[in-house]
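Asker: Provided below are the primary sequence and the corresponding predicted coordinates.
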Amino acid sequence: MLLNFSVSNFGSINEKINFSLFSGKISKQHSNHLIKNNFFKVLKGAAIYGANASGKTNFVRALEAFCSCVLSENTKFILAHQFKLSKNTEYTEFEVDFQINGISYRYSLKTNGIEIPFEQLSILQKNGNLKELFTRKFLKVEIKGMLEKSSDWFNNRTFQSSTTFLYKLAQDGIEDNRSKICGSNYIIDTLNFFEQLVIANPNSYINPVAFGLYFNQYDYQNYLKRLLKIADLGISDVMWVLLSKDETENYFKSALKSNRNYNEGTLFSKTSDGNIIAIVINQNEVKGFELRTIHNEVSFKINEESDGTKRLIDLSLSFFLLRNPNTCLFVDELDCRLHPFLSKFLIQEHMENENSLGQLIVTLHDLNLMANDIWRTDEIWFTEKRQDGSTDLYSLYQFTPRFDKDLQKGYIQGKYGAIPMIGAFENE
């Protein structure tokens, strides 16, 4: 569960901006949007509005970059994505507060992609104090708290100056050795949090492996079929269609070459034109299948569907994963290629559904979706471009609008900022 995320010096973000999912003091709006525990209340979702080039996408990319720093070896790309509209040569700084398995954490990282002068993981206590687990300064790591009992194992790690300590711990098998390492659950919890941050953008494509594995689980298959039916796309079914021997060989020639020792199981892949393929290997027998949609008993390939249908299929698995309380889904431009009614349905299907336990954060342009029947006022955020071209991020909650006010009208009137100032074409 995401609590707070802050970033500075990334993309159009210069000075530190902070995004919070802690709820405001609101009593008359969507109480079912709150995730409650013994210490605080957290929001199930949020929407970010703003003019083009105001920084909405850069905010999402910053979180994606943060995940990449933790879950991959290379952080050098950070250097190319720092704020370029000033002579700022400082480090990019990330910080996230989150809760998983009932424990709240804070993880901080400072890097320029070449070196990491600061990295820290702490337990965030209910009084706001931090109980450090490790603090890394350049290549020196100080082990603290429960991790000290296994300090020999933690201190015996060697890593590059641009690689996070968390990534090194994952690569050195902390999961496999969790029973032998005191405090390993704190590290594994943190890695799991980042692994369950799901980020989708308008150019995302279906992950064939994840899609195939989940599709063969009835719950997701049923969810997808219901979603496509509700969307009124004329699709009555989605199924695997058996391919001919020649088609199977054509599709999987390269896959079979690289998997000659793969004796049994199912391989999923995606063709260059966007179709999803499954190859089933069983006792040296190979069968190929292609995912098809069914319209009036006629099958269609995925690449024959409209861009909107393909995006809905792509997003469907991400929304299905929101049933997991540890999933946090960020969708950049949810309204891209989707009808406003469908975008609204997807949002409300999560926000109003007591079985959808994760968190959903979306960036939007469609003002039809800026409405009190969809969002609480503490769930709406804005990005605005400052004078120096950098991004500012702030919440509608700070304007304390009445719960029954027309939010769309107030936004159009400029009461909340974050609108494009469009000039006259003939004057340019």
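Answerer: Received the coordinates, thanks.

Asker: Point out where the stretch 301-428 of the chain drops to low pLDDT.
Answerer: The stretch 301-428 of the chain contains residues with pLDDT under 70 at 403, 424-428.

Asker: Which parts of it are strands?
Answerer: 328-331, 359-364, 380-385, 391-395 (DSSP state E, counting those that start in this stretch).

Asker: Dump those strands to a markdown table, plus distance to Lys301 and mean neighbour count.
Answerer: Yep, even glycine has a C-beta here, placed from its N, CA and C like the rest. As requested, the strands of the stretch 301-428 of the chain are exported to a markdown table (distance: least, Cβ to Cβ, whole Å; neighbours: other Cβ atoms under 10 Å):
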| stretch | distance to Lys301 | mean neighbour count |
| --- | --- | --- |
| strand 328-331 | 25 | 24 |
| strand 359-364 | 29 | 24 |
| strand 380-385 | 38 | 22 |
| strand 391-395 | 41 | 20 |
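
Asker: okay if I get those as CSV plus distance to Arg402?
Answerer: Listed next are the strands of the stretch 301-428 of the chain as CSV, based on distance: least, Cβ to Cβ, whole Å:
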stretch, distance to Arg402
strand 328-331, 29
strand 359-364, 22
strand 380-385, 14
strand 391-395, 16
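
Asker: quick one, which of these is nearest to Asn222?
Answerer: When the strands of the stretch 301-428 of the chain are compared by Cβ to Cβ, strand 328-331 sits nearest Asn222, at 19.9 Å.

Asker: Now do that closest one: which elements does it pack against?
Answerer: Here strand 328-331 touches helix 56-71, strand 197-200, helix 307-320, strand 359-364, going by 3 or more Cβ pairs under 8 Å, 6 or more residues apart in numbering; DSSP states H and E.

Asker: Dump those into TSV; add distance to Gln99 as well.
Answerer: Shown next, in TSV, are these (distance: least, Cβ to Cβ, whole Å):
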stretch	distance to Gln99
helix 56-71	17
strand 197-200	14
helix 307-320	21
strand 359-364	11
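
Asker: so which of the ones you listed gets nearest Leu243?
Answerer: Checking the helices and strands packed on strand 328-331 against Leu243 by Cβ to Cβ gives helix 307-320 as the closest, at 19.6 Å.

Asker: Against Phe382, how distant is the closest residue to Phe319 other than its chain neighbours?
Answerer: Closest residue to Phe319 apart from its sequence neighbours, by Cβ to Cβ, 6 or more residues apart in numbering: Leu346 at 6.2 Å. Going from Leu346 to Phe382 by Cβ to Cβ, to the nearest Å gives 21 Å.

Asker: just Arg376 next, same as before
Answerer: 15 Å.

Asker: ok, now Met239?
Answerer: From Met239 over to Phe382 (counting by Cβ to Cβ), the distance is 43 Å.

Asker: Any idea how many residues pack against the residue nearest to Phe319?
Answerer: Leu346 is flanked by 24 other residues according to other Cβ atoms under 10 Å.

Asker: who's in contact with it?
Answerer: By Cβ atoms under 8 Å, 6 or more residues apart in numbering, the contact set of Leu346 is Leu315, Phe319, Leu334, Leu338.

Asker: Dump the residues you listed to CSV, plus distance to Val70 and neighbour count.
Answerer: Listed next are the contacts of Leu346 as CSV, based on distance: Cβ to Cβ, whole Å; neighbours: other Cβ atoms under 10 Å:
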residue, distance to Val70, neighbour count
Leu315, 24, 19
Phe319, 24, 24
Leu334, 25, 26
Leu338, 31, 21
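
Asker: which among those residues gets closest to Tyr105?
Answerer: Closest approach between the contacts of Leu346 and Tyr105, by Cβ to Cβ: Phe319, at 26.0 Å.

Asker: what about the closest one, distance to Glu195?
Answerer: 18 Å.

Asker: Need the CA coordinates for stretch 392-411. CSV is fine.
Answerer: Extracted in CSV, the C-alpha atoms of stretch 392-411 (Å, rounded to 0.1, in the frame of the first residue of the first chain):
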residue,chain,number,x,y,z
ASP,A,392,4.5,21.6,-9.4
LEU,A,393,2.1,19.0,-8.0
TYR,A,394,-0.7,19.8,-5.5
SER,A,395,-4.0,18.5,-4.3
LEU,A,396,-7.5,19.9,-4.8
TYR,A,397,-8.0,19.3,-1.1
GLN,A,398,-6.0,22.4,-0.3
PHE,A,399,-8.8,24.6,-1.9
THR,A,400,-11.4,23.0,0.4
PRO,A,401,-14.2,23.0,-2.2
ARG,A,402,-17.6,22.0,-0.9
PHE,A,403,-18.5,18.4,-1.6
ASP,A,404,-21.5,19.4,-3.7
LYS,A,405,-19.7,21.9,-5.9
ASP,A,406,-19.3,21.4,-9.6
LEU,A,407,-15.6,20.6,-9.8
GLN,A,408,-15.5,20.6,-13.6
LYS,A,409,-16.9,24.1,-13.7
GLY,A,410,-14.5,25.4,-11.0
TYR,A,411,-11.6,23.9,-12.9
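
Asker: If we go by neighbour counts, what in that stretch is buried?
Answerer: Across stretch 392-411, burial judged by 16 or more other Cβ atoms under 10 Å covers Asp392, Leu393, Tyr394, Ser395, Leu396, Tyr397, Phe399, Pro401, Leu407, Gly410, Tyr411.

Asker: Same question for stretch 155-165.
Answerer: Using 16+ other Cβ under 10 Å as the test for burial, stretch 155-165 gives Phe159, Ser162, Thr163, Thr164, Phe165.

Asker: pLDDT check: weakest of those?
Answerer: Checking pLDDT across those, the minimum falls on Phe159 at 90.

Asker: How about the secondary structure of that residue?
Answerer: Look at Phe159: counting by DSSP: H, G, I helix; E, B strand; the rest coil, its state is coil.

Asker: hmm, back to that, of all the contacts of Leu346, which two lie farthest apart?
Answerer: Distance extremes for those: the farthest pair is Phe319 and Leu338 at 12.0 Å, using Cβ to Cβ.
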